[in-house]
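Novice: here is a sequence together with a model predicted from it:
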Amino acid sequence: MMATPVKDGLIPVGVIGGARGLKGDLRVKSYTADPKSIGSIGALTDETGTKVFALKVIGQQKNVVLARIKGVEDRNAVDALKGQMLYVERDGLPETDEDEYYFSDLQGLDVELVNGEPFGRVVEVEDFGGGPFLEVASLHHGRVLVPFTKASVPEVDIAGRRIVIDPPEGLLEAGDPEPQGDG
């Protein structure tokens, strides 16, 4: 099954998890700085921008938002939406402050080292809970995860489509080979 390409200008802001109860309440993993704001940042759509979800936040439980979607009335309807990514139009989002970025604005930027040497390109921005990382497809080191901190990423130039990195010591060194066992 081929994935549907994401319409230009859409930014992922969350994903529908599972049902909460039997009456259509659902869990949403929000990617927004304030998880509850997913219900007020604008019209939420699918990846094509054609299907609109009228999401109403009703609470928060640990790291997920509890919500309802207009027209989703029972657990079966929620189960049919499980895994559905939720997007918002980039143009509808507020402007960022200095040194503040939308992850999607960083994707595709060229990466260079502090000495000006070309290094690669940002493929993805990931946050596994300990802070964001830039996943960089480097020219000579394969895929590298660079901590998105001021020390490791001293310069971000969105207009110039580039990022300057100062990788932490040891990041680009080859690791020990995996031990090979007899089974």
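Specialist: Arrived safely. Residues are numbered from 1 along each chain as shown.

Novice: how is this protein divided into domains?
Specialist: Listed domain ranges for the chain are 10-91, 103-165 (source: automatic domain parsing).

Novice: could you give the mean pLDDT of the last one?
Specialist: Averaged across domain 103-165, the pLDDT comes to 90.

Novice: swap in the longest one?
Specialist: Along domain 10-91, the predicted local confidence has a mean pLDDT of 87.

Novice: and it, how far out from the chain's middle?
Specialist: How far domain 10-91 lies from its chain's middle: 15 Å, per Cα atoms, centre = their mean, to the nearest Å.

Novice: now do the end-to-end distance for that domain.
Specialist: In domain 10-91, first residue to last residue: 9 Å (Cα to Cα, to the nearest Å).

Novice: over to the shortest one?
Specialist: Start and end residues of domain 103-165 are separated by 16 Å (Cα to Cα).

Novice: cool, and stretch 85-104?
Specialist: Terminal residues of stretch 85-104 lie 15 Å apart, using Cα to Cα.

Novice: ok, now stretch 35-47?
Specialist: Stretch 35-47 has an end-to-end distance of 20 Å (criterion: Cα to Cα).

Novice: confirm Asp91 sits in a helix?
Specialist: Yes. Judged by DSSP: H, G, I helix; E, B strand; the rest coil, Asp91 forms part of a helix.

Novice: can you report how many residues neighbour it?
Specialist: Neighbours of Asp91 under the rule other Cβ atoms under 10 Å: 8. For every residue, glycine as well, the C-beta is placed using N, CA and C.

Novice: separation between it and Asp74?
Specialist: 35 Å (Cβ to Cβ, to the nearest Å).

Novice: cool, Ala159 as well?
Specialist: Taken as Cβ to Cβ, the span from Ala159 to Asp74 is 48 Å.

Novice: what of Asp8?
Specialist: Per Cβ to Cβ, Asp8 is found 35 Å from Asp74.

Novice: higher neighbour count, those two?
Specialist: More crowded of Asp8 and Asp74, by other Cβ under 10 Å: Asp74, with 12 against 7.

Novice: wait, the more buried one touches Lys23, no?
Specialist: Yes. Applying Cβ atoms under 8 Å, one finds Asp74 in contact with Lys23, separated by 6.6 Å.

Novice: do a quick rundown of the strands in the chain.
Specialist: Ranges of strands in the chain, per DSSP state E, are 10-19, 26-30, 44-45, 52-53, 55-61, 64-69, 85-89, 110-113, 118-127, 132-138, 143-147, 155-157, 162-165.
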